[in-house]
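Trainee: pasting the sequence and the predicted coordinates here, then a few questions.
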Protein chains: 4
Amino acid sequence: MAEIHEECGVFGIWCPDEREVAQLAYYGLVALQHRGQESAGIAVNRDRTITVHRDIGSVHEVFDRATVENLGPGTMACGHVRYSTSGGVTRENAQPMLVKHVKGQLAICHNGNLVNSFDLRRKLELSGCIFHSTSDTEVIAYIITRERLHSGAIEEAVARAMDTLEGAYSLVIMSPSKLIACRDPYGFRPLCYGMTEDGCIVFASESCALDAIGATFVRDLLPGEIVIADKKGVRSDRRHCGVEGKDVSRCIFEYIYFSRPDSVVDGVSVHEFRVGAGRALAREYPADADIVVGVPDSGLDAATGFAEESGIPFALGLIKNKYIGRTFIAPTQKERTDLVRMKLNAIRPVIEGKRVVLVDDSIVRGTTSARIIRLVRGAGAKEVHMRISSPPFLNPCYYGTDIDSREHLIACRHSVPEIAKIIGADSLGYLSVEAAEQLAGYVSPDDWTAPDGRKLGFGCCSACFNGRYPTTVPDEYSKENLEK
Amino acid sequence: MAEIHEECGVFGIWCPDEREVAQLAYYGLVALQHRGQESAGIAVNRDRTITVHRDIGSVHEVFDRATVENLGPGTMACGHVRYSTSGGVTRENAQPMLVKHVKGQLAICHNGNLVNSFDLRRKLELSGCIFHSTSDTEVIAYIITRERLHSGAIEEAVARAMDTLEGAYSLVIMSPSKLIACRDPYGFRPLCYGMTEDGCIVFASESCALDAIGATFVRDLLPGEIVIADKKGVRSDRRHCGVEGKDVSRCIFEYIYFSRPDSVVDGVSVHEFRVGAGRALAREYPADADIVVGVPDSGLDAATGFAEESGIPFALGLIKNKYIGRTFIAPTQKERTDLVRMKLNAIRPVIEGKRVVLVDDSIVRGTTSARIIRLVRGAGAKEVHMRISSPPFLNPCYYGTDIDSREHLIACRHSVPEIAKIIGADSLGYLSVEAAEQLAGYVSPDDWTAPDGRKLGFGCCSACFNGRYPTTVPDEYSKENLEK
Amino acid sequence: MAEIHEECGVFGIWCPDEREVAQLAYYGLVALQHRGQESAGIAVNRDRTITVHRDIGSVHEVFDRATVENLGPGTMACGHVRYSTSGGVTRENAQPMLVKHVKGQLAICHNGNLVNSFDLRRKLELSGCIFHSTSDTEVIAYIITRERLHSGAIEEAVARAMDTLEGAYSLVIMSPSKLIACRDPYGFRPLCYGMTEDGCIVFASESCALDAIGATFVRDLLPGEIVIADKKGVRSDRRHCGVEGKDVSRCIFEYIYFSRPDSVVDGVSVHEFRVGAGRALAREYPADADIVVGVPDSGLDAATGFAEESGIPFALGLIKNKYIGRTFIAPTQKERTDLVRMKLNAIRPVIEGKRVVLVDDSIVRGTTSARIIRLVRGAGAKEVHMRISSPPFLNPCYYGTDIDSREHLIACRHSVPEIAKIIGADSLGYLSVEAAEQLAGYVSPDDWTAPDGRKLGFGCCSACFNGRYPTTVPDEYSKENLEK
Amino acid sequence: MAEIHEECGVFGIWCPDEREVAQLAYYGLVALQHRGQESAGIAVNRDRTITVHRDIGSVHEVFDRATVENLGPGTMACGHVRYSTSGGVTRENAQPMLVKHVKGQLAICHNGNLVNSFDLRRKLELSGCIFHSTSDTEVIAYIITRERLHSGAIEEAVARAMDTLEGAYSLVIMSPSKLIACRDPYGFRPLCYGMTEDGCIVFASESCALDAIGATFVRDLLPGEIVIADKKGVRSDRRHCGVEGKDVSRCIFEYIYFSRPDSVVDGVSVHEFRVGAGRALAREYPADADIVVGVPDSGLDAATGFAEESGIPFALGLIKNKYIGRTFIAPTQKERTDLVRMKLNAIRPVIEGKRVVLVDDSIVRGTTSARIIRLVRGAGAKEVHMRISSPPFLNPCYYGTDIDSREHLIACRHSVPEIAKIIGADSLGYLSVEAAEQLAGYVSPDDWTAPDGRKLGFGCCSACFNGRYPTTVPDEYSKENLEK
């Protein structure tokens, strides 16, 4: 039951002729909805004119049949769902961002966070630029537009812009005639593409969105790669792949929590990662117990892994209310009401009298874990052994993950035994960073050859656990201003 | 992934003094949301005046913070969620129904379906009654009101009304000073009550709603029982319990699908029932396979039971998109789009190359099962052995369950081997009615003593499976008119 | 700028074959919108089944294109706009009220107020009736339904119900096959009918609604008359016309304020009445002044009459902001903000240095008049002579007009010279009751023959001015309870 | 009943300390609502941070109590209402436009239309600018921002930007610490300022908005003037006043139709202008008639003028339904339904048997006039003499007025006698351009001295009548592109 949030999911589709692309983008966004529920939008390209609809809310709140139909048929569409950390939840920050520049319209969908956003913004402002939003996306739009003035083609402008942009970005960009996807050289955020039987090219943050519209997965974009889809077919630009000093640094939290279990991200099944994490936990922190119970939904996979490895039976001992949605608690009720109890309930006949291994994906402040353990004990558990399928959070993320500030992170202020005591567990074990990285398919540069023949590493970013940031990070002053 | 729907969930709370009863009812309804998402409503009793808010939609659509707060504090509240079969989805049919009669206001929440509704309605109309809605609830309101003219107390009117009402009804009724719950003598629909630490009495369709507001479960209402909560405390009227010719006939589908796994209905844990059904299936229809996969969410419990009993490993091989909500498919897309594929996805690394036991809770028309099996085969399953944790549907329900008409029910038109072939399964096994009844705690009159000492049977209604209806059933003509 | 409100406008249309009756009813209600903006509704009869849409709000708020189109084509429709005094502004009280009784559905639209509503309601409750709303309309529905049990036809039931109903009622009633209009024997509220070129019969509160849909005015219903439109044509039942002890008592305030100037009510043009009132004022209370200014919109007609009679030039010296709509004033602003100043503005070049005769239709509390006079003086008027085109309000209305309670009515507590001083006028004159009645076409029984040959009076109800109530009036206790 | 529309109304308020500026801006916009109902917005400045709320719809649709209160208190606010011709009705084009540039935030409200917008936009795009909207306002924002890079103060940037902007613009601009108003050197659109008793400075398109919040009118801005309000007080920059080659060219249609009769624009009372136009018509085109009837609302003033000058009695013979609002006509009804008949109704007793002078403010396509005349004849008029209080429309407007294209303008294709025949009038007379200009206070440069001592002309723009455009006008190609 992670309380960590990511920013966005992106989607794009190019078709050889006009069809219901808005509807397909809608399906894609529904499949990516777990990546952000605060705003949603779709842009459709028809006869070289782009129309956009976007607003605050989930895909279902922003779109109904009429809205999707009003976008009309087209040859391309791109879409976006957003969980907003930087920039605030305002209509202006909803994406796709649609701008008009000298060569026509441009729709941009962005997942990630730039680390030099503040500097770039400042420089742009000093050259007379005005900003309507507070999001990184507008900065990216400007950089591309400026490069476009001196570039023969939009894809060239995108390639040149990548020299300037620093940080995490997976982009889907729609010009009047082309659909372009690109991924930063670190590969922080996932991005893949696929094809439909009738020849459409589809880009998506996760492969599950390809499945949703019946497209076949082709491959992940390489870190640093640009893929262009237009009438001439699909082309790849890899000049930014394997760049000196920019090691591949795929976000490990995509596997731990963000991505859907049915997605395969950079060749690693998210489900397999999680089952593997459970197995590793069982080896690293075995427990003498009667049943293994996962905290739904994100702890279930790891719980089955723990059960398999340990031989302790897996049991569905916690049930989640799938209708909890936007349940609110009135201020006057706050002190005595427990939203965790409304979201989750323990199944007494399963738990009563048992020694329980409880598997969850993370601990942030500890409050939620404490409440879940209390719930499990209330249902009669004799012992509760907490196992966490991620390492402890110790550092902020500058690449688009909303991790709580250090003063709130329980692991920054307490040792593991202290945390066990605070949350009321009989024992507590966290996954090691090494195990996590191994499961995420960490490969050193010596051992991996990119599809284009270059020898590259294929590493992970575990900075939130070990503080090893792959890029320079913004100083506190600029970060603060960035977020304003 | 059942496509069977029930009508309603009811909730009621009586407090010794004024408090935020609307908020508590709201929590209760969120916990009961799975019983109906088509309309929702809450009535609050303050200073002997009842105010109601109700509309079409789910609890979250009908209520936001302001609406709940506007209902204000009070000493009693009742609430209702509805999946509408009879009566249509109109505002007029949303509950609680609030009426004014000679002795003041009355709010009524109803779960179930009367079998003599058409006759009663006709009789009432012939005596000059007018109806604003097409729901059974208005008939019940009239019958109680008429009895009230000659009764000293509302609870006496309710008791006398029960002589006239025939069929399924679990009611929560709020008068200016009393909160009354009653359950029909057959006990078709569940109804239980509990208490909070600070002395409030709570009625709910399922025990999970008591858990949600931190109330302690006291017991289920007996079939035929009336429980009254007011300043004098809690009283029970059992004159309708154990009535000759009205055998206890608890709806077995509550265990199979309707109720939440964390609820305990009439002493039987829903979760345990389902795990037991899986175990029974493994004994009745064993399979030579590599993994057991449950169709989420309602097939998961049975799948774990099958796995335990058979020794074949349980695996999370299907994932459900929890944001699927009100996803629509445009008419132009209908023929080629598959909503099942958007709702569910198979996890290839789990399934590929495996012989799969696939456990689901029911088959109605067969279309959905066929699509799920196709999905599983598409992910590389070598064999798919379908096991269904309920017997085949063969008959209509007159007690509030929306079962498809016979011409659509696949089991009415095909043998089990034929169904297996139609849905594309290598083998197919249904739970036997006997096993289901045994798991539901069927007890013959010889073996059971009610809390008040009487010898009663404690049977089940399995009419949808075996056609043994506990009551006379409406003839087709009147049923048709009833539904108009 | 009257602050008196009436309750309702009614509309009905019967067509020889199916057509867009919902759209026509919508136009009719837009034309009657001035009679009530708090709720609106339309019921359509198609294939003997009635569908209704109604909600809180103005016609434009309740209906958009989709809502009207969803009601579909039909052979009959009825509609209602409501300003709610009794019964409160709730969805339940919105009309048309649609009920089902033994002979099928019935839609009822009601304008007026019963004086024996409380007694009837009590009696009905004592016989086992339940009420969903607090409006008189539900009482009427019951009375008709009960009579219907013993009547061969719905129109007979309506006629018998009129024996029981006492007070003000203009009704449009739609049964599965007939459209019926009736007007109480006093004729308190207007009701007329007309025909379209293609043979539709139209009922409406005012003739302006006939004009709006291009129907030709046929005539007003007689006080006490029932008119039935069905396949057999148009029939009239006059058994309640000219009933002993029920003198015709048309509400004089219809002419003074409620009705639109382009309506002709019971043979008297509303515009002509108002111009005549201005003329009478000029004779009764002449003034030595330079210009005559009417308070828009309802004082303009009388101002032109005053100007013509007196020879003093008419001038448009006050302008009304037609977009004022639902402008709100924040509580923190209330003490210093003047909504009158936002609604009205004086045109300085017209007023400056002039002695102004200011004509308005009524004074209720005096506050508004005081503010308007301050506005006029602020624009430089040397003198302000206020002339009111109605007599002073002294008594409550029991027939559907929302007159302020006596303690607020300035004329109940002060003499005319005192009022002049309070509102800041140099002189003040009210129209006499006699002049008003004469303008409204008061005819004594000796002088008037009804269309059916009977000798009837054709009087007015001026009870709010002179306290002569044509009916017994409810005692305070029952009135209070009625309004609950 | 003009069918000519203007684009916008602007409002701004600066206060010496924090107060409810959002509420005051709201009142101001309600008073300016006649200038545009398609979008509305308010920006509030608090602690040097600007917050904006804006959306599609009228002031009442965009703002309710909560929205206004959420904007919170502040020291400055600006607001905007829009009728959109260029740019389309989209959320992106709603104003105030809020942008962030190098020196902080800037909110801009604009009334008018640039004639070099296309060229400026192109140049900006070529220098790397991106546009989010299609409105001129974003161009203005860029120009000011670019000048700001080299200017010490925002007001200096505004002054320099005016060297580049060409066409019609009345602006209210809010920086973190200053409120700035400016008016183009031609003075096409009005702009005035006033003060409240407690020291707030208020800018508004029309003086009626000052009246609405109780502010005292100080004076109109001079064409070309910049007025700055901040802690240092109010300052004026007149460097652009009386510029060679930019003759004062106030839009004459402000008097004829746009502005409210209670506004005084550039020293001329709108009401007096219209009464004067009626008088002039009576002299230029006298008629032998019995009554003078004005088409409400905009023909009433001129009708009183005609009546006074001619001695023919003025009469209220047409009534307007003030609730007509957003009444729609279903497509299936279109051919036979007449929206004019729903908006207007004739009062038969006034008109029957009379020779009528009918006064309206303009004729565009002729269809509306024809319908009104048919209405008047239908009410029994013997003769109808149409008098129009404006000259005939012959040319497009490039300064922000939405005049129909030439092929639709009846006066472009027909002579006056032909038009009279087409619309069904017995005679027809238009106001002469000379009379209109004289009423608008046309002064040649020889006869007028600006408040700052310079000798200036004080002319009008009558280009829509006589084709004498004060500026160069965009060629068709760029105009077309501008509007895209």
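Mentor: Noted; the coordinates are in hand.
Trainee: C-alpha only now, for contacts and for neighbours.
Mentor: Will do.
Trainee: okay, now the unreliable bits of the stretch 1-150 of chain A?
Mentor: By pLDDT under 70, the low-scoring segments of the stretch 1-150 of chain A are A:1-6, A:84-89.
Trainee: what about A:D475, how many neighbours?
Mentor: Per other Cα atoms under 10 Å in any protein chain shown, the neighbour tally for A:D475 reads 9.
Trainee: wait, I meant A:S415
Mentor: A:S415: 11 neighbours (other Cα under 10 Å).
Trainee: quick one: contacts for it?
Mentor: A:S415 makes contact with no residue under the criterion Cα atoms under 8 Å, 6 or more residues apart in numbering or on different chains.
Trainee: from D:A141, how far off is it?
Mentor: To D:A141, A:S415 is 55 Å away according to Cα to Cα, to the nearest Å.
Trainee: buried stuff in stretch A:285-303?
Mentor: For stretch A:285-303, burial by neighbour count (16 or more other Cα atoms under 10 Å in any protein chain shown) applies to A:285-287, A:289-296, A:298-303.
Trainee: among the residues you listed, which are in strands?
Mentor: Those of the buried residues of stretch A:285-303 mapping onto strands are A:I291, A:V292, A:V293, A:G294, per DSSP state E.
Trainee: distance of the last one relative to chain D?
Mentor: From A:G294 across to chain D, the span is 43 Å (Cα to the nearest Cα, to the nearest Å).
Trainee: now the third one
Mentor: Per Cα to the nearest Cα, A:V293 is found 46 Å from chain D.
Trainee: need the three-state assignment for the closest residue to that residue other than its chain neighbours.
Mentor: Among residues not flanking A:V293 along the chain, A:L358 sits closest, at 5.0 Å (Cα to Cα, 6 or more residues apart in numbering or on different chains). With DSSP: H, G, I helix; E, B strand; the rest coil as the basis, the three-state label of A:L358 is strand.
Trainee: residues in contact with A:L358?
Mentor: By Cα under 8 Å, 6+ apart, A:L358 lies in contact with A:V292, A:V293, A:G294, A:V295, A:A303, A:V384, A:H385, A:M386, A:R387.
Trainee: most widely separated two among those residues?
Mentor: Farthest pair in the contacts of A:L358 (Cα to Cα) is A:A303 and A:V384. Separation: 13.8 Å.
Trainee: interface residues of chain A facing chain D?
Mentor: A:98-102, A:122, A:125-133, A:141-142, A:145-146, A:149 (Cα under 8 Å from any Cα of the partner chain).
Trainee: buried subset of those residues, written for ChimeraX?
Mentor: In ChimeraX, this line selects whichever of the residues of chain A next to chain D come out buried by 16+ other Cα under 10 Å:
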select /A:98,99,100,101,102,125,126,128,129,130,131,132,133,141,142,145,146,149
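Trainee: I'd like to know which of the residues of chain A next to chain D are part of strands.
Mentor: Counting by DSSP E, the residues of chain A next to chain D contribute A:L98, A:V99, A:K100, A:H101 to strands.
Trainee: any idea which of the residues you listed is closest to B:D220?
Mentor: Using Cα to Cα, A:L98 comes nearest to B:D220 of those, at 58.6 Å.
Trainee: wait, a strand at A:A66?
Mentor: No: with three-state DSSP as the criterion, A:A66 is located in helix rather than a strand.
Trainee: burial of the closest residue to A:R260 other than its chain neighbours, as a residue count?
Mentor: Of all residues not flanking A:R260 in the chain, A:V270 sits nearest, at 6.8 Å (Cα to Cα, 6+ apart). Residues near A:V270, counting by other Cα under 10 Å, number 27.
Trainee: A:V270 contacts A:F258, correct?
Mentor: No: counting by Cα atoms under 8 Å, A:V270 stays clear of A:F258, with 9.4 Å between them.
Trainee: who are the neighbours in contact with A:I388?
Mentor: A:L281, A:V359, A:D360, A:D361, A:S362, A:I363, A:L428, A:G429, A:Y430, A:L431 are the contacts of A:I388 under Cα under 8 Å, 6+ apart.
Trainee: per-residue confidence for the residue nearest to A:V293?
Mentor: With respect to pLDDT, A:L358 scores 98.
Trainee: return the distance of it relative to chain B.
Mentor: A:L358 is 17 Å from chain B, by Cα to the nearest Cα.
Trainee: pairing partners for that residue in the sheet, please.
Mentor: Per DSSP bridges, the residues bridged to A:L358 are A:V293, A:M386.
Trainee: quick one: it and A:I373, what's the gap?
Mentor: 8 Å.
Trainee: list residues touching both of those two?
Mentor: With Cα under 8 Å, 6+ apart as the test, A:L358 and A:I373 both reach A:V384.
Trainee: low-confidence ranges in the stretch 351-484 of chain A?
Mentor: A:444-457, A:476-484.
Trainee: okay, strands next: where are they in it?
Mentor: Remark: strands assigned in the stretch 351-484 of chain A by DSSP state E, counting those that start in this stretch are A:355-360, A:383-388, A:401-402, A:427-430, A:459-461.
Trainee: most packed of those strands?
Mentor: strand A:355-360 (a mean of 28; mean count of other Cα atoms under 10 Å in any protein chain shown).
Trainee: and stretch A:224-241, which residues are buried?
Mentor: Neighbour counts over stretch A:224-241 (16+ other Cα under 10 Å) mark A:G224, A:E225, A:I226, A:V227, A:I228, A:A229, A:D230, A:S236, A:R238, A:H240, A:C241 as buried.
Trainee: show me what from the stretch 251-400 of chain A comes close to chain B.
Mentor: Counting by Cα under 8 Å from any Cα, the stretch 251-400 of chain A sits next to chain B at A:261-262, A:269, A:271-272, A:301, A:304, A:315-316, A:319, A:321-330, A:337, A:341-342, A:345-349.
Trainee: please narrow those to those residing in strands.
Mentor: Judged by DSSP E, the subset of these located in strands is A:S269, A:I319, A:N345, A:A346.
Trainee: hmm, back to that, show me which of the contacts of A:L358 is closest to D:S177.
Mentor: Closest approach between the contacts of A:L358 and D:S177, by Cα to Cα: A:V295, at 52.8 Å.
Trainee: now for that closest one: which residues touch it?
Mentor: Contacts of A:V295 (Cα under 8 Å, 6+ apart): A:M1, A:L318, A:L358, A:V359, A:D360.
Trainee: between those residues, which sits nearest chain D?
Mentor: Closest approach to chain D among the contacts of A:V295 (Cα to the nearest Cα): A:M1, at 33.4 Å.
Trainee: follow-up on the earlier one: and the strands of the stretch 351-484 of chain A as JSON lines, adding distance to B:A159?
Mentor: JSON lines is the format used below for the strands of the stretch 351-484 of chain A (distance: least, Cα to Cα, whole Å):
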{"stretch": "strand A:355-360", "distance to B:A159": "47"}
{"stretch": "strand A:383-388", "distance to B:A159": "48"}
{"stretch": "strand A:401-402", "distance to B:A159": "58"}
{"stretch": "strand A:427-430", "distance to B:A159": "55"}
{"stretch": "strand A:459-461", "distance to B:A159": "69"}
